[in-house]
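> What follows is a predicted protein model with its sequence.
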Amino acid sequence: IGTIACTAMVEWKASSNAGGNIVTAQAMYEGLWKSCVWQSTGQIQCKIYDSLLQLPSNIQGTRALMCAAIFLCFISMMVTVVGLECTTCMAEQPQQKSKVALAGGVIFIIAGVLALIGTSWYGHRVAQDFYSPSTPTNSRYEFGSALYVGWGAACLCIIGGGFLCCMCSDKGPSGKGPRYPPSSSAGGRDYV
């Protein structure tokens with residue numbers, strides 16, 4: 001959900017208030033799909049990007065990475081549901097069921113890495129343009145809220161996939177849990 005929200009949001013970069021000429025009557029936002037201008041009167045005007053080929057390579061690449069991450073998250077959820085212990089799919093094959101859940105966790109991690117690469121690449125470009133001496137002060141942009149949502153969603157995908165992988169790889173090849181040594185009480189005579 002976070003990856004979908006991040007991809008759909010317009011606030012990938014927001015106009016900066018740094019410098020001497022601060023224009024507070026409007027705020028400009030740019031996203032992967034459109035750019036918007038917010039007026040102080042509350043009016044918002046958005047323009048969808050006209051041509052895919054006219055877009056900078058970082059927007060095209062980030063679009064592709066985020067769409068791939070969304071697709072892999074969807075596939076991972078479907079695979080993981082089949083492999084979870086609480087579902088009856090593949091109940092007669094517990095070893096295979098565990099491997100399916102492990103595969104779902106690995107796909108989640110890959111999706112999180114793709115989202116992390118996309119948001120970090122875009123964020124690096126925003127920071128690079130902000131600190132460039134050739135960029136005029138009044139046309140500088142800062143990180144928008146979509147980048148933070150994207151970084152958070154990517155980290156959650158990676159952590160969730162890691163949890164799935166750890167949960168599914170606990171069991172050894174025999175499918176038994178860990179063995180513990182017998183208690184040290186002799187004959188059950190020691191009471192607390």
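Yep, it's here.
> The protein: helices as residue ranges?
Using DSSP state H, the helices of the chain run over 2-8, 57-83, 94-131, 145-169.
> Flag every buried residue along the last one.
Taking 16 or more other C-beta atoms under 10 Å as the basis for neighbour counts, the residues of helix 145-169 that come out buried are 146-147, 149-151, 153-154, 156-158, 160-161, 164-165, 168. C-beta: built from backbone N, CA, C; applies to glycine.
> which residues touch stretch 35-43?
10, 24-30, 44-47, 49 (C-beta atoms under 8 Å, 6 or more residues apart in numbering).
> most surrounded residue in those?
residue 29 (22 neighbours; other C-beta atoms under 10 Å).
> So which residue is dead centre in this structure?
By C-alpha atoms, centre = their mean, the chain has its centre lying nearest to residue 154, at 2.3 Å.
> if I read this right, that residue contacts residue 110, doesn't it?
No. Here residue 154 does not reach residue 110: they are 11.2 Å apart, not a contact under C-beta atoms under 8 Å.
> What are the phi and psi values at residue 132?
Phi and psi for residue 132, reported as degrees, to the nearest 10, are phi -70, psi 130.
> give me the number of residues near it?
Neighbours around residue 132, by other C-beta under 10 Å: 10.
> strand partners of the helix or strand of the chain with the lowest mean pLDDT, parallel vs antiparallel please.
Using mean pLDDT, DSSP states H and E, strand 26-30 stands out as the lowest-scoring helix or strand of the chain, at a mean of 86. Strand pairing for strand 26-30, determined by DSSP bridges: strand 13-15 (antiparallel), strand 34-39 (antiparallel).
> Quick one: those strands as JSON lines, columns for distance to residue 87 too.
Shown next, in JSON lines, are these (distance: least, C-beta to C-beta, whole Å):
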{"stretch": "strand 13-15", "distance to residue 87": "42"}
{"stretch": "strand 34-39", "distance to residue 87": "40"}
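> a markdown table please, covering the ones you listed and showing mean pLDDT and mean neighbour count.
Listed next are the strands paired with strand 26-30 as a markdown table, based on pLDDT from 0 to 100; neighbours: other C-beta atoms under 10 Å:
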| stretch | mean pLDDT | mean neighbour count |
| --- | --- | --- |
| strand 13-15 | 88 | 21 |
| strand 34-39 | 90 | 14 |
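> Out of those, flag the one nearest residue 138.
Among the strands paired with strand 26-30, strand 13-15 comes nearest to residue 138, with 8.7 Å by C-beta to C-beta.
> who touches that closest one?
26-30, 122, 126, 140-145, 147.
> Swap in 6 Å and give it another go.
27, 28, 29, 30, 126, 141, 142, 144 (C-beta atoms under 6 Å, 6 or more residues apart in numbering).
> Among those residues, which pair sits farthest apart?
The largest separation in these, counting by C-beta to C-beta, is between 27 and 126 at 15.3 Å.
> so what's residue 110 up against?
residue 72.
> any idea how far it lies from residue 11?
26 Å (C-beta to C-beta, to the nearest Å).
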